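In: What would the 3D arrangement of this be:
(chains A and B)
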Amino acid sequence: MTQDQVARANPLRQPQDRRLPKIAGPCSLVIFGVTGDLARKKLMPAVYDLANRGLLPPGFALVGFARRDWADQDFAQVVHDAVREHARTQFREEVWQQLAEGFRFVPGDFNDDEAFELLRRTVEELDEARGTGGNHAFYLSIPPRFFNDVVGQLKEHGLADPEDDRSWRRVVVEKPFGSDLRTAQELNATISEVFAPESVFRIDHYLGKETVQNILAMRFSNTLFEPLWNANYVDHVQITMAEDIGIGGRAGYYDGIGAARDVIQNHLLQLMALIAMEEPTSFDARHLRIEKRKVLEAVRLPRRLDLSTARGQYTEGWAGGVKVPGYKQEQDIPQTSHTETYAAITLGIESRRWAGVPFYIRAGKRLGRRVTEVAVVFKAAPHLPFSETATEELTQNALVIRVQPDEGITMRFGSKVPGTAMEIRDVSMDFAYGGSFTESSPEAYERLILDVLLGEEPLFPRHEEVELSWKILDPIVRYWAEHGRPDTYPAGTWGPPSADRMLARDGRAWRRP
Amino acid sequence: MIELTDTTSSAIAAEFLRARRRAGSPAMGMVMTLVFVVDDEDAEDAMQAARNASREHPARVLGVILGDGRGSPRVDARVGIGSGWTGETAMIHLKGEATKHPESVVVPLLLPDSPVVVWWPTRAPDDPAEDPLGRLARRRITDTAAVPRNRAKAMLTQCRAYAPGNTDLAWTRITSWRALLAAALDQQPGKVLSASVTGQRVSPSVDLLVAWLTARLKIDVTRKVSDGPGITAVHLETRNGPISVVRDDGKVATFTVPGQPDRPVALKRRELDELLAEELRHLDPDEVYAEAVKTVCRLEDGGSSTRAGSRRSKGAS
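Out: Alright, predicted model coming up:
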């Protein structure tokens, strides 16, 4: 039965009744890797917040799976502590009580047949006792190298297949979706062997749904921007994701991966696609995917990768008044590491709209401050009817979409300097989104989990987009691997000088975000 | 907060501007003007709720306090801008003859070209849409459950005076009940044969829930009385068996659908700021509410709920 038919069958649902939230049908969420940071800081609190807001179905169950010798009560205690510490909404005993009745814990390894047998029995017991109706979502909050084991076990023990047409099984995976095209394809093969494409939810928590929708609304609900949104008026686009922190304790994951594969492949290429794509026929996931895919397919790399890319590694320095170690001084990083902590690339999009407009994309750690933004920089006016001295401080108009922190839009344009002489300088006009739905805010996780339980196709990439992104990035990463080592930049600065030279060659400069 | 005594609208507007400049001229990202009209004693609570709600919907919030109508006209105001959110607030006290012309104070302070919402946290005019302040608004929010006396009559008055754009927080309060019942029928799409709603003897929310179920299910809905708080139970008898949501303590409900075990579900009575934030999310006329109030009037006039005339043509508002 489609959503429409349900609406018609249910007299209490009317399309114009927009107050009624969607409450997921009966179901459970099974989390692999419950002892991890993500599970404790984000997932468990988000589950509680959803319950508190009345958006979880009655009888919702939460199952933890990990290599711990815990009973259900121990698990409940862990969740309790996590909720107490990290939940966004007020802690209410009665909400907690009814939620905690649905907690189960399954101890075991990912290759432990008995444990998965126990999981199967647990899930069946939940269908019986809590009425979860055979609907179960598996959240793989674990390193990708275990996906194979877990997904294989789910299949083997009959956990991956829905019992009938009315129930569902879904799987949620987080980035990284592979480390190059080949591994991405392997990973996809593993998962798609067991789960259908529409049952696989790839989650990108940096680019929350709200942000995606904000960008779409800005681009496609206004007349103001669209006429300018092309190569006639746009000079170039800069996409930046800067972090002020170092790699912290993530050496094991980060070393050998680097900035380009860590964030450009997924977050920044997705952002680029949203900024550059044509208007979709509708805003459902399928039509969005078609347009994003077209853009990604039209991306071309410049011929000279030595001139059009830059990379760096941070060295010891002062960041925000604190002395911080260099990348090679971080724990567990080999002295010979060539992993880049800063990456800048130039991409072109071969379409009528964007021909000749470079997209400069950069990402890095230990940069000046934490910011993610897209700056669309417009061409200078072809003629300025002012004396040369009058416009010395005028640069190009720009529209900046701030993704985090402080999600909003900034417009930069020229305005007269108050006073008698005719002088023009840049001013910025600012708009901030009211809510706090940005980046990895708890609301973002609540929406993610709710979408999974409701079966709303996420706005996140399917494997085609993931693979297209790797096709764009693979040649660059390969080129880097074959050509020496990254440049260096002191922690707390905006990257290596080679990145500045990369833009200077085109007669442009990076914004200071 | 800046106190302005014996002031005017233009002085208040100037103070908004000065306050923004003092704060380093932050941008004005406001999307609406929210005006509330209230007595002195309830003003602080209303302002707090409005302030919390405007975190989600950045607004210029104008609290209008109608004081003693005798004596010479006088306007006092307390003006501030949000710290921690992009809003502005002014608490405006009117005295003397000025109490009869609150719109003259409010009009110059409305944000240009953006919606106006008027909210009466306690007592509301009998016909909000014809009220001088209500006329300025696209959305008029009353709260018949918060009226100090004779709530049953207040409810009926508001229902009879319904005009597109009116809404009542008693309606907002039942959203979570309605959501749960709709979810129950999502799972059990069998025809509903009979229904009952149990709640406090005088409760506008109970009346509205009865009316909504009557209108949507096209059956007679029985109203039963309990000690509350608020609504305590809804029972639906369907072809597939009974569905019920029972909440005795105002916090947790027991949810029963055929073929599944009984389950507890959190069903809290929500705070004022949450209700207000929900109201501000959609500013177009609420057609579902319109249908419900029409049904309340019809039931009051002794109409049968199964009468064919109950169907309201879509978009008539």
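In: how about low-confidence regions in the stretch 1-150 of chain B?
Out: By pLDDT under 70, the weakly predicted segments of the stretch 1-150 of chain B are B:24-29, B:82-86.
In: now the helices for it?
Out: Ranges of helices within the stretch 1-150 of chain B are B:9-22, B:40-56, B:102-106, based on DSSP state H, counting those that start in this stretch.
In: gap between the second one and the chain center?
Out: I take that to be helix B:40-56. In this view, helix B:40-56 has its centroid 13 Å away from the chain centroid, taken as Cα atoms, centre = their mean, to the nearest Å.
In: and it, what other elements does it pack with?
Out: Secondary-structure packing of helix B:40-56 (3 or more Cβ pairs under 8 Å, 6 or more residues apart in numbering or on different chains; DSSP states H and E): strand B:32-38, strand B:59-66, strand B:88-95, helix B:272-281. For the C-beta atoms, the positions are set from N, CA and C on the backbone; glycine is no exception.
In: Throw the ones you listed into CSV and include distance to chain A and mean neighbour count, thanks.
Out: Formatted as CSV, the helices and strands packed on helix B:40-56 follow (distance: least, Cβ to the nearest Cβ, whole Å; neighbours: other Cβ atoms under 10 Å in any protein chain shown):
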stretch, distance to chain A, mean neighbour count
strand B:32-38, 11, 25
strand B:59-66, 9, 24
strand B:88-95, 14, 23
helix B:272-281, 7, 20
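In: And these: which comes nearest A:L301?
Out: Taking Cβ to Cβ, helix B:272-281 is the member of those nearest to A:L301, at 44.8 Å.
In: now that closest one: mean pLDDT?
Out: Taken as a whole, helix B:272-281 has an average pLDDT of 90.
In: Packing partners of it?
Out: Applying 3+ Cβ pairs under 8 Å, 6+ apart, one finds that helix B:272-281 contacts helix B:40-56, strand B:116-119, strand B:139-142, helix B:169-172.
In: if we can go back for a sec, next, format the helices and strands packed on helix B:40-56 as CSV and append distance to A:A481.
Out: Output for the helices and strands packed on helix B:40-56, formatted as CSV (distance: least, Cβ to Cβ, whole Å):
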stretch, distance to A:A481
strand B:32-38, 55
strand B:59-66, 54
strand B:88-95, 56
helix B:272-281, 51
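In: that older thread, can I get the helices of the stretch 1-150 of chain B in JSON lines including distance to A:G64 and mean neighbour count?
Out: Shown next, in JSON lines, are these (distance: least, Cβ to Cβ, whole Å; neighbours: other Cβ atoms under 10 Å in any protein chain shown):
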{"stretch": "helix B:9-22", "distance to A:G64": "50", "mean neighbour count": "15"}
{"stretch": "helix B:40-56", "distance to A:G64": "33", "mean neighbour count": "18"}
{"stretch": "helix B:102-106", "distance to A:G64": "55", "mean neighbour count": "19"}
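In: closest one to A:E94 among those helices?
Out: If you check each of these against A:E94 by Cβ to Cβ, helix B:40-56 wins as the nearest, at 22.4 Å.
In: Chain B contacts on the stretch 1-150 of chain A?
Out: Residues of the stretch 1-150 of chain A lying near chain B by Cβ under 8 Å from any Cβ of the partner chain: A:6, A:9-14, A:16-21, A:23, A:25-26, A:51-52, A:54, A:57-59, A:92, A:94-95, A:97-99, A:101, A:128-131, A:133.
In: Of the residues you listed, just the buried ones, PyMOL syntax please.
Out: The following PyMOL line selects those of the residues of the stretch 1-150 of chain A next to chain B that are buried, judged by 16 or more other Cβ atoms under 10 Å in any protein chain shown:
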select buried, chain A and resi 10+11+12+13+14+17+19+20+21+23+25+26+51+52+54+57+58+59+95+98+99+130+131+133
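In: In strands only, show me the residues of the stretch 1-150 of chain A next to chain B.
Out: Using DSSP state E, the subset of the residues of the stretch 1-150 of chain A next to chain B located in strands is empty.
In: ok now do A:A421, which residues does it touch?
Out: Applying Cβ atoms under 8 Å, 6 or more residues apart in numbering or on different chains to A:A421 gives the contacts A:A390.
In: Show the pLDDT at the residue nearest the centre of chain B.
Out: Residue closest to the mean C-alpha point of chain B, counted by Cα atoms, centre = their mean, is B:L169 at 2.7 Å. For B:L169, the model assigns a pLDDT of 96.
In: How about A:C27: what's its closest non-neighbour residue?
Out: The spatial neighbour of A:C27 that comes closest, neighbours along the chain excluded (Cβ to Cβ, 6 or more residues apart in numbering or on different chains), is A:N135 at 3.7 Å.
In: meant to ask about A:T395, not that
Out: Once flanking residues are discounted, A:T395 sits nearest to A:D426: 5.6 Å by Cβ to Cβ, 6+ apart.
In: Then that neighbour would be within a strand, right?
Out: Yes - residue state for A:D426 (DSSP: H, G, I helix; E, B strand; the rest coil) corresponds to a strand.
In: burial measure for A:V371, as a count.
Out: Counted with other Cβ atoms under 10 Å in any protein chain shown, the neighbours of A:V371 add up to 18.
In: Surely it touches A:W494?
Out: No - using Cβ atoms under 8 Å, A:V371 makes no contact with A:W494, being 10.7 Å away.
In: circling back: out of the helices of the stretch 1-150 of chain B, which gets nearest to B:R281?
Out: For those, the distance to B:R281 is smallest for helix B:40-56, at 7.8 Å, taking Cβ to Cβ.
In: Check the offset of the helix or strand A:V79 falls within from the chain's centre.
Out: Here A:V79, judged by DSSP states H and E, is contained in helix A:72-86. Counting by Cα atoms, centre = their mean, helix A:72-86 is centred 27 Å from the centre of its parent chain.
In: Show me what that helix is in contact with.
Out: Applying Cβ under 8 Å, 6+ apart, the contact partners of helix A:72-86 are A:34-35, A:39-42, A:44-45, A:48, A:62, A:64, A:68, A:70, A:91, A:96, A:100, A:103-105, A:442.
In: Please apply the same query to stretch B:110-124.
Out: Contacts to stretch B:110-124, defined as Cβ under 8 Å, 6+ apart, come from residues B:30-39, B:42, B:45-46, B:49-50, B:59-60, B:128, B:131, B:133-134, B:136-144, B:146-148, B:154, B:158, B:272, B:276, B:279-280, B:283.
In: measure the residue of chain B most remote from its centre to B:Q187 for me?
Out: The C-alpha centroid of chain B is most remote from B:G259, which lies 36.7 Å away (Cα atoms, centre = their mean). Applying Cβ to Cβ, to the nearest Å, the value for B:G259 to B:Q187 is 9 Å.
In: can you check A:A380 too?
Out: Remark: distance between A:A380 and B:Q187 (Cβ to Cβ) = 61 Å.
In: now do A:P162
Out: From A:P162 across to B:Q187, the span is 16 Å (Cβ to Cβ).
In: How about A:L301?
Out: Relative to B:Q187, A:L301 is positioned 52 Å away (Cβ to Cβ).
In: Looking at the two, which is more packed in?
Out: For A:L301 versus B:Q187, the count of surrounding residues by other Cβ under 10 Å is larger for B:Q187: 22 against 17.
In: The more buried one reaches A:G25, doesn't it?
Out: Yes - counting by Cβ under 8 Å, B:Q187 sits close enough to A:G25 to count as a contact (6.1 Å).
In: Now whichever residue of the stretch 101-250 of chain A sits closest to chain B: closest residue in space that isn't a chain neighbour?
Out: Residue of the stretch 101-250 of chain A nearest chain B, by Cβ to the nearest Cβ: A:G131 (3.5 Å). Leaving aside its chain neighbours, A:G131 sits nearest to B:Q260 (3.5 Å; criterion: Cβ to Cβ, 6+ apart).
In: mind listing what the one you found touches?
Out: Under the criterion of Cβ under 8 Å, 6+ apart, the neighbours of B:Q260 are A:26, A:59, A:131, A:133.
In: Farthest pair within these?
Out: A:G59 and A:G133 (8.8 Å).
In: Show me whatever sits in contact with both of those two.
Out: Residues touching both A:G59 and A:G133 (Cβ under 8 Å, 6+ apart) are A:26, B:260.
In: re earlier: do you know how far the residue nearest to the centre of chain B is from B:R78?
Out: 25 Å.
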